[in-house]
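Asks: below is the sequence, then the predicted model.
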Amino acid sequence: MSAADPPGRDLDHTPWPPEFAARYRAAGHWRGQTFGSLLTSLTAAHAGRTAVVGETVSDPWARWTFAELDDRAHRIAAGLVARGIRPGDRVVVQLPNVPEFLAVVFGLWRVGAWPVFALPAHRESELRHFATQAEAVAIVTVGVHERHDHAATARAVADDVSSVQHVLVVDTSEWAGLAATAPRELPDPDPEGVAFLQLSGGSTGLPKLIPRTHDDYLYSVRESARICRLRPGSVYLAALPVAHNYPLSSPGVLGALHAGAASVLAPRPDADTAFRLIERERVTITGVVPPLAAAWVQAAARTTRDLSSLEVLLVGGAKCGRELAARIGPALGCTLQQVFGMAEGLVSYTRLDDPEELVLGTQGRPISLDDEIRVVDEQDRDVPPGETGALLTRGPYTIRGYYRAGAHNATAFTADGFYRTGDLVRRTPSGHIEVVGRAKDQINRGGEKVAAEEVEDHLMAHPAVLAAAVVAVADPYLGERTCAYVVPAEGAAPTGPELRRFVRRRGIAAFKVPDLVEIVPAFPVTGVGKTSKRELRAALSALAAVASDQKG
């Protein structure tokens with residue numbers, strides 16, 4: 001479905017108004033290209049060059065050329081069609097950092113089906129939500145990975161969600177047969193139509209689904225590759241889970257492919273693994289979140305690995321503090337590039353020729369001159385330059401609405417189409433953005449977004465819990481950790497370890513399990529009787545201050 005759909009049609013996504021779509025096409029932002037046709041053109045230009053390197057499900061270390069990736073995507077597309085997958089079908093993809101990830105998603109794009117990107121850390125609760133919300137017809141996953149049986153989880157979801165007709169496990173003989181199907185030419189989908197569904201940070205419960213089109217996302221990919229100066233000789237290391245928006249497109253594996261460069265998929269993000277791959281594959285650029293950057297900085301002081309090929313380290317996903325930012329270049333012998341963005345659209349980078357003050361102290365400036373930015377107060381009035389306010393944005397690659405979320409869209413977007421990002425920022429005279437904090441009740445645990453409401457709901461399912469409130473507690477390594485305050489039911493005496501085990505067993509991602517649990521007799525309340533999380537946070541801060549004084 002595109003911007004040409006007639007008014008009033010019941011759309012799964014909110015298209016850009018026709019006048020905006022026409023402007024973006026005229027500016028050359030939207031070029032009418034799909035992901036499938038992109039891979040075809042890249043293969044024609046770079047057939048024999050390495051496209052992706054990593055551990056496949058059957059090979060401890062594989063190296064696929066552009067031609068080999070293209071052939072695999074064609075065969076998978078044909079195999080999916082033979083099994084009844086059709087254009088517009090939604091397919092949940094939950095794969096770790098393996099080359100098959102790219103073959104699968106390009107195969108789906110060739111069909112015109114929509115990947116729904118799940119992370120390896122997601123468990124049954126999240127997968128059920130994604131499959132239900134998207135009415136997914138299939139789940140593509142692996143068997144046992146990092147001691148978790150993903151195939152069993154996917155089958156449990158399929159048993160519960162009636163729309164899911166197929167569970168396709170890439171390390172099985174069934175998948176091998178599908179991936180060996182004779183290739184066939186398929187019609188190219190509408191480039192202004194939805195290409196895939198990404199996940200929001202989930203600030204109000206489970207994540208919303210974000211519809212991204214071929215046209216809008218490829219513009220972001222192209223510009224990211226240009227700004228990060230990717231070239232055919234570049235080697236990008238995907239250290240983070242590749243289904244994340246950040247390692248997917250900022251500039252990510254898609255930016256690397258667009259430049260004719262190689263992507264190396266790291267099975268784990270730890271310094272030992274990353275440094276080994278940087279040395280062996282002569283990696284030139286990678287992206288990490290601040291806690292990982294701090295760990296790499298620390299590890300660099302004792303490593304014997306040759307990191308001299310590394311030219312650029314991007315840091316994003318959460319704000320990188322100035323002190324850490326200043327240590328990265330000297331420790332790793334590379335250039336720091338800060339990136340700030342969101343799966344809903346807007347991406348900002350510090351430029352590689354920016355002065356040090358901007359690189360260390362800001363999160364960059366937007367990709368596009370057509371990125372419209374407003375910084376506003378609580379009444380949506382623009383604040384004076386340099387003052388802190390809430391960030392609103394719209395542009396050629398920022399969505400106009402979440403997928404099937406009309407009620408939420410009414411508050412997440414302004415009447416004239418600006419997205420309310422939930423970030424508090426300041427803008428410099430140069431147009432760079434300094435992120436100050438989050439306006440939404442969301443905990444940023446080392447770049448992973450934890451919605452307090454979702455965790456509270458899981459805690460409340462325990463029979464010994466009367467009430468639960470989850471808040472952030474400052475942490476020098478992760479930025480923020482989660483602390484769950486719990487009021488026990490009458491006569492009950494739950495313990496912190498017991499509640500943490502209970503939440504973990506409910507099938508949610510490990511990073512959402514509360515780091516701390518405090519049992520309290522009652523919560524402070526506001527004037528209207530609501531739990532005062534502000535006072536809970538203040539109590540945590542006071543406890544931390546006392547502990548610090550005692551330690552000193």
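Replies: Everything's here; your move.
Asks: any idea how far residue 232 lies from residue 73?
Replies: Counting by CB to CB, to the nearest Å, the gap between residue 232 and residue 73 amounts to 20 Å. Where you see a C-beta, it was placed from the backbone N, CA and C, and this is true even at glycine.
Asks: how about residue 231?
Replies: In this view, residue 231 and residue 73 are 24 Å apart by CB to CB.
Asks: who has more neighbours, these two?
Replies: Relative neighbour count places residue 73 above the other of residue 231 and residue 73, with 27 against 11, counting by other CB atoms under 10 Å.
Asks: in the stretch 251-400 of the chain, which spans are helices?
Replies: Counting by DSSP state H, counting those that start in this stretch, residue ranges of the helices within the stretch 251-400 of the chain are 252-258, 271-281, 290-300, 322-332, 356-361.
Asks: compute the number of surrounding residues for residue 43.
Replies: Using other CB under 10 Å, the number of residues around residue 43 comes to 21.
Asks: which residues touch it?
Replies: 66-67, 69-70 (CB atoms under 8 Å, 6 or more residues apart in numbering).
Asks: helix, strand or coil for it?
Replies: The three-state assignment at residue 43 reads helix, by DSSP: H, G, I helix; E, B strand; the rest coil.
Asks: element containing residue 471, please.
Replies: In the assignment (DSSP states H and E), residue 471 maps to strand 465-475.
Asks: how near is residue 201 to residue 434?
Replies: Taken as CB to CB, the span from residue 201 to residue 434 is 20 Å.
Asks: gap between stretch 97-104 and the chain center?
Replies: Centre-to-centre, stretch 97-104 and its host chain are 16 Å apart (CA atoms, centre = their mean, to the nearest Å).
Asks: may I have it exported as CSV, CA atoms only?
Replies: C-alpha atoms of stretch 97-104 as CSV (Å, rounded to 0.1, in the frame of the first residue of the first chain):
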residue,chain,number,x,y,z
ASN,A,97,24.0,-13.2,13.8
VAL,A,98,24.4,-15.8,11.1
PRO,A,99,24.7,-15.2,7.3
GLU,A,100,21.3,-16.9,6.8
PHE,A,101,19.7,-13.8,8.3
LEU,A,102,20.5,-11.8,5.2
ALA,A,103,19.5,-14.6,2.8
VAL,A,104,16.2,-15.0,4.6
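Asks: neighbouring contacts of that stretch?
Replies: For stretch 97-104, the surrounding residues in contact (CB under 8 Å, 6+ apart) are 51-57, 62, 64, 69, 72-73, 76, 93, 95, 115, 140, 142, 170, 179, 238, 241-243, 253, 257, 263, 265-267.
Asks: which residues does residue 310 contact?
Replies: When contacts are counted by CB under 8 Å, 6+ apart, residue 310 touches 278, 283-286, 332-334.
Asks: OK, contacts around the most far-flung residue of the chain relative to its centre?
Replies: In the chain, the residue that sits farthest from the middle, by CA atoms, centre = their mean, is residue 491; the gap is 42.5 Å. In this structure, residue 491 makes contact with no residue, judged by CB under 8 Å, 6+ apart.
Asks: got phi/psi on it?
Replies: The phi and psi values for residue 491, taken as degrees, to the nearest 10, are phi 80, psi 0.
Asks: how about low-confidence regions in the stretch 201-350 of the chain?
Replies: Counting by pLDDT under 70, the stretch 201-350 of the chain contains low-confidence residues at 202-205.
Asks: from residue 122, how far out is the residue lying closest to residue 251 once chain neighbours are set aside?
Replies: Counting by CB to CB, 6 or more residues apart in numbering, the nearest residue to residue 251 once its immediate chain neighbours are dropped is residue 224, at 4.0 Å. When distance is defined by CB to CB, residue 224 is 25 Å away from residue 122.
Asks: ok so, going back, okay, angle between the strand holding residue 471 and helix 290-300 too, please.
Replies: With axes from the mean of the first three to the mean of the last three CA atoms, to 10 degrees as the basis, strand 465-475 and helix 290-300 are set at 50 degrees to each other.
Asks: contacts for strand 465-475, please.
Replies: Residues from elsewhere that reach strand 465-475 (CB under 8 Å, 6+ apart): 443-444, 450, 452, 455-456, 459-460, 480-490, 492, 494, 499, 514-516, 523, 531, 533, 536-537, 540-541, 544.
Asks: now with 6 Å?
Replies: In this structure, residues lying in contact with strand 465-475 by CB atoms under 6 Å, 6 or more residues apart in numbering are 443, 452, 455-456, 459-460, 480-487, 489, 523, 531, 533, 536-537, 540.
Asks: buried residues, it. List them.
Replies: Under the neighbour-count criterion of 16 or more other CB atoms under 10 Å, strand 465-475 has 465, 467-473 buried.
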